[in-house]
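Visitor: give me a model of this one.
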Amino acid sequence: MTPQTAPPDSRRWYVLAVLALAQFMVVLDVTIVNVALPDIQRALGFSTEGLQWVVNAYTLAFGGLLLLGGRTADLLGRRRMFLAGMALFVVASLVAGLSGSAEMLVAARAVQGIGAALLSPAALALLMVSFPAGRERNVALGIWGALAGIGGTLGVIAGGVLVDGLGWQWIFLVNLPIGLAVLVAAPLRITESRGAMERRSFDLAGAALSTAGVLAIVYGVIRSEPAGWGSVEVIGLLGGGIALLAAFVAVELRTAAPLIPMRLFRSRGLSASSVSLALNGGIFLAMFFLTALYLQNVRGASAVEAGLQFVPMGIAAVASAILGGQLVTRLGTRPVFAVGAILSGIGLLLLAQASVDGAYVTDVLPGLLVFGFGLSMVGVPNQIAAIMDVEPTDAGAASGVITAAFQIGGALGLAVITTLANARVGDALATGATQGVALTEGFHRGLTVAALLAAVNIVLALTLAPSKRPDEAQLNEAMAAA
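Guide: You can find the predicted model right below:
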């Protein structure tokens, strides 16, 4: 990265406001969709198995192309790619809001993910070069992270209000005024910057192979329920996906400018944290997806009511992120990770006991609170352990790896868990259960499987995860890079 002269104070905080608004929109779009899923399914005729693509199309494109997006920004210009990604995101949001078919909406969501993969890493890089290292940068990153967290929590509320008041289309159309404001404001004060690189080349082959491989595996898992695990289609998709990922590793080992430097995985912290964060992503997306459907389709909550019922979980997650950052400096990353994984598992098992018509306060709220508290206590120590274990020159690449791991793990976990949950719903309906009972049994199975993934994280925490105890300066540096 070439040295940059920090702009005057007024410009510096203006830059932060514009970039944070863009990141707020990207995070908002991850959660805002969930409470609209029942309405989208009814309006566009999504099948039960196909509905998850409203979430997965965005997540796969975002996570699969995130590393390429960061490298593209360094090569071609961060402001340029930030603006290009934002423009693409706005156009895709318009198309999504005007979608008249399931296929059109899924395609638009995928393009939204591509736009997010271009603008998000560029935005963070612009923020880093706009603020000098030290207190000001830490304050800016704190505001950036806080707004991202608020965006996730606000998404479920805003989604409910928009769906009930204006219709599901507005969860996408609301991005237009935000995105257009950013497109107008960004060129006025944000200056261009590029990374200093020895080799100015793209790893398009790596990006294509990794994204196609994960896509084939996810689709294979989804098709396993209607086609059967032993079908030629499913075996072909899963085998093809594994072969594509093997080819990706081979390309990365040979290319002069790899998308993911394989040397990073010599770090025990990065390797273990990537797996843990991938599991955490799958658990989180699946829990959110299934619970949103359960609250509305089984318990009869409106979109607004469902959004409000998720708020305590968001507050618990923000509180545990703050507490987790403090605890790792006293206890180390491993104990905090282990406690977080245990709490996540307990929260999921509590939710898996929810009945068809029990009270929210006793059936749903305890599980959401415990799960939310455990969620960030898994994420924070793993982000820190991953970054602390690599050389400073590789911190940016390591950050990209763990972010992509969370997104791709989320897509794969959502596919596996919802496929198993849907199979249980079908079995229950076939034996004469009412729709409410069948959906609840599917919800129970899905969360039980998610709890098993949390148990895997507990094992990782107790066996493979390293324990790092950063001081305050190292904590700020690691969290900034993550």
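Visitor: from residue 425, how far off is residue 360?
Guide: According to Cβ to Cβ, to the nearest Å, residue 360 stands 22 Å off from residue 425. The way it works is simple: take the backbone N, C-alpha and C, and place the C-beta from them, glycine included.
Visitor: equivalent analysis for residue 213, please.
Guide: Distance from residue 213 to residue 425, by Cβ to Cβ: 29 Å.
Visitor: please apply the same query to residue 189.
Guide: 52 Å.
Visitor: same check on residue 219?
Guide: Distance from residue 219 to residue 425, by Cβ to Cβ: 20 Å.
Visitor: now do residue 410
Guide: 22 Å.
Visitor: same deal with residue 108?
Guide: 28 Å.
Visitor: and for residue 453?
Guide: 20 Å.
Visitor: just residue 247 next, same as before
Guide: Residue 247 sits 36 Å away from residue 425, going by Cβ to Cβ.
Visitor: higher neighbour count, the two?
Guide: Neighbours were counted for residue 247 and for residue 425 using other Cβ atoms under 10 Å; residue 425 has more, 21 against 17.
Visitor: how about the helix or strand harbouring the more buried one: buried residues?
Guide: Assigned by DSSP states H and E, residue 425 belongs to helix 395-430. Across helix 395-430, burial judged by 16 or more other Cβ atoms under 10 Å covers 395-425, 428-429.
Visitor: next SSE downstream of it?
Guide: That would be, after helix 395-430 and using DSSP H and E, helix 435-463.
Visitor: and that following helix, what does it pack against?
Guide: Packed against helix 435-463 by the contact rule (3 or more Cβ pairs under 8 Å, 6 or more residues apart in numbering; DSSP states H and E) you find helix 268-293, helix 333-351, helix 395-430.
Visitor: report the angle between the axes of it and helix 333-351?
Guide: 160 degrees (axes from the mean of the first three to the mean of the last three Cα atoms, to 10 degrees).
Visitor: ok now helix 435-463, how far from the chain's centre?
Guide: 19 Å (Cα atoms, centre = their mean, to the nearest Å).
Visitor: tilt between it and helix 268-293?
Guide: Using the same axes, to 10 degrees: helix 435-463 against helix 268-293 is 170 degrees.
Visitor: pLDDT of helix 435-463, averaged?
Guide: Here helix 435-463 scores 94 as its mean pLDDT.
Visitor: phi and psi next, for the residue sitting furthest away from the middle of the chain.
Guide: Most distant residue from the mean C-alpha position of the chain: residue 432, 37.2 Å away (Cα atoms, centre = their mean). When read as degrees, to the nearest 10, the backbone of residue 432 gives phi 100, psi 10.
Visitor: how far away is it from residue 464?
Guide: 46 Å.
Visitor: cool, residue 424 as well?
Guide: Residue 424 is 32 Å from residue 464, by Cβ to Cβ.
Visitor: and what of residue 310?
Guide: Going from residue 310 to residue 464 by Cβ to Cβ gives 32 Å.
Visitor: so between those two, which is more surrounded?
Guide: residue 310 (26 against 15).
Visitor: in which helix or strand would I find the more buried one?
Guide: helix 303-331.
Visitor: give me every residue that touches the residue minimising distance to the centre of the chain.
Guide: Central residue of the chain (Cα atoms, centre = their mean): residue 407, 4.3 Å from the mean position. Contact analysis of residue 407 by Cβ atoms under 8 Å, 6 or more residues apart in numbering lists 59-60, 62-64, 66, 281.
Visitor: switch to 6 Å and redo it
Guide: By Cβ atoms under 6 Å, 6 or more residues apart in numbering, the contact list for residue 407 reads 59, 62-63.
Visitor: compare these and tell me which is most surrounded.
Guide: In terms of neighbours by other Cβ under 10 Å, the contacts of residue 407 top out with residue 62 at 29 neighbours.
Visitor: pull up the gap between the nearest residue to it once chain neighbours are set aside and residue 119, please.
Guide: For residue 62, ignoring the flanking residues on the chain, the nearest one in space by Cβ to Cβ, 6 or more residues apart in numbering is residue 113 at 4.0 Å. The spacing between residue 113 and residue 119, counted by Cβ to Cβ, is 11 Å.
Visitor: who has more neighbours, these two?
Guide: Shown here are residue 113 and residue 119; by other Cβ under 10 Å, residue 119 has more neighbours (30 against 27).
Visitor: name the element that one belongs to?
Guide: Going by DSSP H and E, residue 119 is in helix 102-130.
Visitor: after that helix comes which helix or strand?
Guide: Note on helix 102-130: by DSSP H and E, the next helix or strand toward the C-terminus is helix 135-165.
Visitor: which strands or helices does that next one pack on?
Guide: Applying 3 or more Cβ pairs under 6 Å, 6 or more residues apart in numbering; DSSP states H and E, one finds that helix 135-165 makes contact with helix 9-31, helix 170-173, helix 303-331.
Visitor: look up how far residue 448 lies from residue 307.
Guide: 25 Å.
Visitor: repeat that for residue 206.
Guide: Relative to residue 448, residue 206 is positioned 36 Å away (Cβ to Cβ).
Visitor: pick out whichever of the two has more residues nearby.
Guide: residue 206 (23 against 17).
Visitor: test my guess that that one contacts residue 259.
Guide: Yes: contact criterion Cβ atoms under 6 Å: residue 206 and residue 259 qualify, at 3.9 Å.
Visitor: near residue 469, how many other residues are there?
Guide: When neighbours are counted by other Cβ under 10 Å, residue 469 comes out with 16.
Visitor: ok, it - contacts?
Guide: Counted by Cβ under 6 Å, 6+ apart, residue 469 has contacts residue 332.
Visitor: can you give me the pLDDT of it?
Guide: Note for residue 469: predicted pLDDT of 76.
Visitor: is it in a helix, a strand, or coil?
Guide: Three-state assignment for residue 469 (DSSP: H, G, I helix; E, B strand; the rest coil): coil.
Visitor: for it, give me phi and psi.
Guide: Torsion angles, degrees, to the nearest 10, at residue 469: phi -130, psi 90.
Visitor: related to what we said a few turns ago, dump the helices and strands packed on helix 435-463 to TSV, plus mean pLDDT and distance to residue 237.
Guide: Formatted as TSV, the helices and strands packed on helix 435-463 follow (pLDDT from 0 to 100; distance: least, Cβ to Cβ, whole Å):
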stretch	mean pLDDT	distance to residue 237
helix 268-293	91	18
helix 333-351	94	28
helix 395-430	85	11
